[in-house]
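**Q** can't give you the sequence, but here's the structure:
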């Protein structure tokens, strides 16, 4: 019985991701997800009692997939460099089509704790990067440049051209691999 529940939960999450991708997460309806998953609305509500819980589960599922992709990318990077893998994977994600950002505001309005899994994930990721990156200044520069690009991408206010963004990613990879040192903080004073 438990295996069946896990399978229906996974089917529902896959269907929700498809519906969100097609119509935008802000337009996600429980009826559309239930229909796409081939389950009754009651079955959907058994697994996810509210739309907010479904959205939160989608975020957690995305974070789990990102973590798995990060480990795969890390293995492909020379010497298992986690920071370089983070830059490469994030740059790849920036290339993918993104739904409009308005959904995030509606999700937060429905459930203020919606971002909690992201905050926890980001803190854990930063702590891992900090533990594995010998140059803390390089980590700060790289991590916050990537997160700035992620925010610009999410809210669709790209300041950089595609060529400028690729140049930044190349520079960040050099910093992450230790080939290009960041400017020391005391030099900025």
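**A** Arrived safely, thanks for sending. Here the structure is a predicted model, which means the values were calculated and not measured.
**Q** Specify the next element, helix or strand, located C-terminal of the longest helix seen in the chain.
**A** As assigned by DSSP state H, the longest helix anywhere in the chain is helix 51-76. Next in sequence after helix 51-76, counting helices and strands by DSSP states H and E, comes helix 82-95.
**Q** per-domain residue ranges of this structure.
**A** Annotated domains of the chain cover 1-49, 51-188 [automatic domain parsing].
**Q** Pipe those domains into a markdown table and attach mean pLDDT and mean neighbour count per row.
**A** Any C-beta I mention is one placed from the backbone N, CA and C, and that applies to glycine too. Output for these, formatted as a markdown table (pLDDT from 0 to 100; neighbours: other C-beta atoms under 10 Å):
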| stretch | mean pLDDT | mean neighbour count |
| --- | --- | --- |
| domain 1-49 | 82 | 16 |
| domain 51-188 | 83 | 15 |
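**Q** May I have the phi/psi pair for residue 177?
**A** Dihedral angles of residue 177 (phi, psi; degrees, to the nearest 10) stand at phi -90, psi 0.
**Q** Residue 81 now?
**A** According to degrees, to the nearest 10, residue 81 has phi -70, psi 110.
**Q** residues contacting it?
**A** If you count contacts by C-beta atoms under 8 Å, 6 or more residues apart in numbering, residue 81 has them with 74, 176, 177.
**Q** residues in contact with the nearest residue in space to the last one that is not next to it in sequence?
**A** Residue nearest to residue 177 in three dimensions, not counting chain neighbours: residue 84, with 5.3 Å by C-beta to C-beta, 6 or more residues apart in numbering. Listed by C-beta under 8 Å, 6+ apart, the contact partners of residue 84 are 77, 78, 173, 176, 177.
**Q** Quickly note the distance from the last one to residue 81.
**A** Spelled out, it's residue 177. 6 Å (C-beta to C-beta, to the nearest Å).
**Q** related to what we said a few turns ago, report the angle between the longest helix of the chain and helix 82-95.
**A** 130 degrees (axes from the mean of the first three to the mean of the last three C-alpha atoms, to 10 degrees).
**Q** element containing residue 137, please.
**A** Going by DSSP H and E, residue 137 is part of helix 136-154.
**Q** roughly how far out does that helix sit from the chain middle?
**A** 13 Å (C-alpha atoms, centre = their mean, to the nearest Å).
**Q** Please report how far residue 77 lies from residue 112.
**A** Remark: distance between residue 77 and residue 112 (C-beta to C-beta) = 37 Å.
**Q** Then residue 95?
**A** For residue 95, the distance to residue 112 (C-beta to C-beta) stands at 31 Å.
**Q** Contact partners for residue 74?
**A** 80, 81, 82, 85.
**Q** now the residues you listed as JSON lines including distance to residue 68?
**A** Converted to JSON lines, the contacts of residue 74 look like this (distance: C-beta to C-beta, whole Å):
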{"residue": "80", "distance to residue 68": "15"}
{"residue": "81", "distance to residue 68": "18"}
{"residue": "82", "distance to residue 68": "14"}
{"residue": "85", "distance to residue 68": "12"}
